[in-house]
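A.B. asks: let's see this in three dimensions:
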Amino acid sequence: MPDSPCCLNRSSQRRSSPLRLHSSRSKRSSFSGSDTLWRVTHESSSSATPQRLLRRVDAIAIIVGIVIGAGIYKTPSVIASITGDSGWTLTVWVLGAALSFIGALCYAELATTYPDAGGDYHFLTRAFGRDVAFLYGWARATVIITGAIALLAFVFGDYVSTIVSLGTHSTAWWAALIVIALTAINIVGLRVSVRTQNVLTAIEVTGLVAVVLAGVVAPSTVHFDPPPFATSVELGKLGGAMIFVLLTYGGWSEAAYIARELKGRRAIVDALLASLAIIAVGYLGVNAALLNGLGFAGLSESKTPAADLMARAFGQAGANALAVFVAIATLTSINATMIVGARGDYAIGRDWPALEYLGRWNVLRAAPVVAYLLQAAIALSLIAFGAMQFDGFEAMVNFTAPVFWAFLFLVGVALFVLRARDPVAVRPFVVPLYPLTPLVFCVSCAFLFYSSVAYAATNDAVHIALWLMMTGVAALVVVRYANKRIGR
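C.D. replies: This is a model prediction of the structure:
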């Protein structure tokens, strides 16, 4: 995709450069009392494309914001109880960081060679064709991304409801309100959404630093003296621990969806590696702090390890502060997930004439407004469903893990396919140690796919996954038929 701006409509051309489209001086680029939903959606254009407006620091804030969520405050105790050894507990976090870096190197080559708002969807389209990519885009739009938004919103609602209850289904009401509020912020424009993300991410990282500091100053009743490193650990236990570790590291691959909007084609490489370095150091620091402050036995037995550590170090005020940090962490993840999720939906609409309205890019706001609205509508539907049948909702979303790892495996394979099919393509970044690096990534994804399928089978969620994929196939048939009717 060329880097130069495409031809815009007359009203857009009368404005200055694309870099000034978000200026607070532009009355049309922000909401006012006279704005209407019709105007917001109809000032978009199907011929407009994303511009390179994002800085490296913006990309880092988005990636870190997606990855660091509420999970890091809970999963360390789960992982410790699985491994049964402090040495292996820290080791699996190091392994998770290493595998994430390997995957990031593979994505860096794909994203710099084929920068596109479609991210994974675009890579799969190039490697395996539109049908396979559509199935991934369908699963991503209907459950993977929107389900993640809904679940994070529920976590936020749980914490806020303890402070201000909205009555029956208070958690769901708060979840819906935050989805609506953050969607509105993103529709206002890229500058506002990115500034919001930068502030939230800074507070989120401060929360990690606070937990690490608590591990240093906590008046521990136990002396952290690591026991001898176990020479081996059961493969099943290692696999189970790695599922939770990589779940906590998950989300870095979403960086591919903003590669097209970063200034400089290699900027995504710097952003990915810097983000993962920040995340890895933060995660290892938190785990070391928990082991030091609570001891291995205390960590493995605690249901709220970070809260227990903060309370021990700073009293009830520390525990209350952690609750605020967790709530902000969920907001950070929701906002970042919305940013990348809407761009994937936009790419589907751009490539499929029957869904052309979804593929409109609002040049004034530098955002896929229609895609944001659809994403919010699906997330709100999932929240409503979750409020009525939370167990079924949780099972449905949890089972998206096999779908996610299956398609991530295909993205790894796509690197091999595109290397062979398109050898003359300009590659600003080349994955080191090819083909070993992408091979390790593919094997890791295959292992995690197997582990997540085994987990889903024990929870009887396989029928939900089959239903999800069948609806995707049905949607593909309908869209292909509609395309033929349109004659495109």
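
A.B. asks: which elements pack onto whatever helix or strand A150 lives in?
C.D. replies: In this structure, A150 sits in helix 145-161 according to DSSP states H and E. On a contact count with 3 or more Cβ pairs under 8 Å, 6 or more residues apart in numbering; DSSP states H and E, helix 145-161 meets helix 170-188, helix 316-351, helix 369-388, helix 390-398. Bear in mind the C-beta positions are built from the backbone N, C-alpha and C, glycine included.

A.B. asks: and G167, how many neighbours does it have?
C.D. replies: Residues near G167, counting by other Cβ atoms under 10 Å, number 7.

A.B. asks: what's the span of stretch 346-362 from first residue to last?
C.D. replies: 11 Å (Cα to Cα, to the nearest Å).

A.B. asks: how far does that stretch sit from the chain's center?
C.D. replies: Distance, stretch centre to chain centre, for stretch 346-362: 22 Å (Cα atoms, centre = their mean, to the nearest Å).

A.B. asks: which of the residues in that stretch are buried?
C.D. replies: Neighbour-count burial for stretch 346-362 flags 346-355, 358-362 (criterion: 16 or more other Cβ atoms under 10 Å).

A.B. asks: any stretches of the chain with poor pLDDT?
C.D. replies: Along the chain, segments meeting pLDDT under 70 span 1-47, 220-236, 389-400, 455-466, 488.

A.B. asks: check contacts around the closest residue to T113 other than its chain neighbours.
C.D. replies: Sequence neighbours aside, R427 is the residue nearest to T113 in space, at 4.8 Å (criterion: Cβ to Cβ, 6 or more residues apart in numbering). Contact analysis of R427 by Cβ atoms under 8 Å, 6 or more residues apart in numbering lists 109, 112-113.

A.B. asks: three-state assignment of R427?
C.D. replies: With DSSP: H, G, I helix; E, B strand; the rest coil as the basis, R427 sits in coil.

A.B. asks: gap between it and S253?
C.D. replies: Distance check for R427 against S253: by Cβ to Cβ, to the nearest Å, it reads 19 Å.

A.B. asks: try L95
C.D. replies: Taking Cβ to Cβ, one finds L95 at 18 Å from S253.

A.B. asks: is it true that Y159 touches L322?
C.D. replies: No. Assessed by Cβ atoms under 8 Å, Y159 is found out of contact with L322, at 10.1 Å.

A.B. asks: comparing those two, which residue is more hemmed in?
C.D. replies: Ranked by neighbour count (other Cβ under 10 Å), Y159 and L322 place L322 first, with 23 against 17.

A.B. asks: please name the nearest non-neighbouring residue to that one.
C.D. replies: Distances taken as Cβ to Cβ, 6+ apart put M310 closest to L322, at 4.5 Å, once the chain neighbours are dropped.

A.B. asks: same deal with L273?
C.D. replies: A104 (6.5 Å).

A.B. asks: can you say which of the helices and strands packed on helix 145-161 is packed in most?
C.D. replies: helix 316-351 (a mean of 23; mean count of other Cβ atoms under 10 Å).

A.B. asks: and that helix, how far from the chain's centre?
C.D. replies: Put simply, helix 316-351 sits 8 Å off its chain's centre (Cα atoms, centre = their mean).

A.B. asks: check which helices and strands it sits against.
C.D. replies: helix 56-67, helix 120-128, helix 130-139, helix 145-161, helix 170-188, helix 190-217, helix 305-314, helix 369-388.

A.B. asks: in CSV: the ones you listed, plus distance to T75.
C.D. replies: Listed next are these as CSV, based on distance: least, Cβ to Cβ, whole Å:
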stretch, distance to T75
helix 56-67, 13
helix 120-128, 24
helix 130-139, 24
helix 145-161, 13
helix 170-188, 21
helix 190-217, 13
helix 305-314, 9
helix 369-388, 21
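
A.B. asks: of all these, which one is nearest R265?
C.D. replies: helix 56-67 (12.3 Å; Cβ to Cβ).

A.B. asks: run through who's touching that closest one.
C.D. replies: 194, 197-198, 200-202, 204-205, 248-252, 254-255, 258, 262-263, 267-268, 270-272, 274-276, 278-279, 332-333, 335-337, 339-340.

A.B. asks: export that helix as PDB, just CAs?
C.D. replies: Taking C-alpha atoms only, helix 56-67 is exported to PDB below (Å, rounded to 0.1, in the frame of the first residue of the first chain):
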ATOM      1  CA  ARG A  56       6.800   5.100  18.200                       C
ATOM      2  CA  VAL A  57       5.800   6.200  21.800                       C
ATOM      3  CA  ASP A  58       2.200   6.000  20.700                       C
ATOM      4  CA  ALA A  59       2.600   2.400  19.400                       C
ATOM      5  CA  ILE A  60       4.500   1.400  22.600                       C
ATOM      6  CA  ALA A  61       1.600   2.800  24.700                       C
ATOM      7  CA  ILE A  62      -0.900   0.800  22.700                       C
ATOM      8  CA  ILE A  63       1.000  -2.500  22.700                       C
ATOM      9  CA  VAL A  64       1.900  -2.200  26.400                       C
ATOM     10  CA  GLY A  65      -1.700  -1.200  27.200                       C
ATOM     11  CA  ILE A  66      -3.100  -4.300  25.400                       C
ATOM     12  CA  VAL A  67      -0.700  -6.800  27.100                       C
END
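
A.B. asks: no further queries at this time; thank you.
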